[in-house]
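Asks: coords below, sequence missing:
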């Protein structure tokens, strides 16, 4: 289940609960079931806060939103100092390719958040898009912006 990702390696706390491996999420301050997608989310959270220097206090995990009548959750939302969403991150398991559908999902989520950046990652491949505030279009950019 724990696969090598295209991210720095971090140390995590694990615990077996009801015969399932759990990982401690320092952001939610609780153990959560370790799935391949959760592994990517936990590693990317550490990357964005430790390497890119976004404050943990401005980082939200599994943020609820409504898409039509459906209740959804954004994997990671990073807020600016005015509590406005700045980056929305969509995480997938390493075995899941980042496709147009993944991109569409993140763009739909961002109609609620209106963040400047959208990041798509499966832990192996990372894409970042920047929103043009004038015409509301998006373009792919190199790398992930620093805080």
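Replies: Yep, that arrived. Bear in mind that the values here come from a model prediction, so they are computed numbers and not experimental data.
Asks: Residue 17 reaches residue 34, doesn't it?
Replies: No - applying CB atoms under 8 Å, one finds residue 17 not in contact with residue 34, separated by 10.2 Å. In short, each C-beta sits where N, CA and C put it, glycine included.
Asks: did I read that right, residue 136 in a strand?
Replies: No - Residue 136: not assigned to a strand; according to DSSP: H, G, I helix; E, B strand; the rest coil it is coil.
Asks: Please report how far it lies from residue 68.
Replies: The gap separating residue 136 from residue 68 is 19 Å, by CB to CB, to the nearest Å.
Asks: What's the local residue count around residue 4?
Replies: 9 (other CB atoms under 10 Å).
Asks: quick one: pLDDT of it?
Replies: Per-residue pLDDT puts residue 4 at 94.
Asks: Residue 65 sits in which helix or strand?
Replies: Counting by DSSP states H and E, the element that carries residue 65 is strand 59-67.
Asks: Might you calculate how far whatever helix or strand comes next after that strand sits from the centre of the chain?
Replies: Under the assignment DSSP H and E, the closest C-terminal helix or strand after strand 59-67 is strand 70-79. Centroid separation between strand 70-79 and its chain, computed with CA atoms, centre = their mean, to the nearest Å, is 8 Å.
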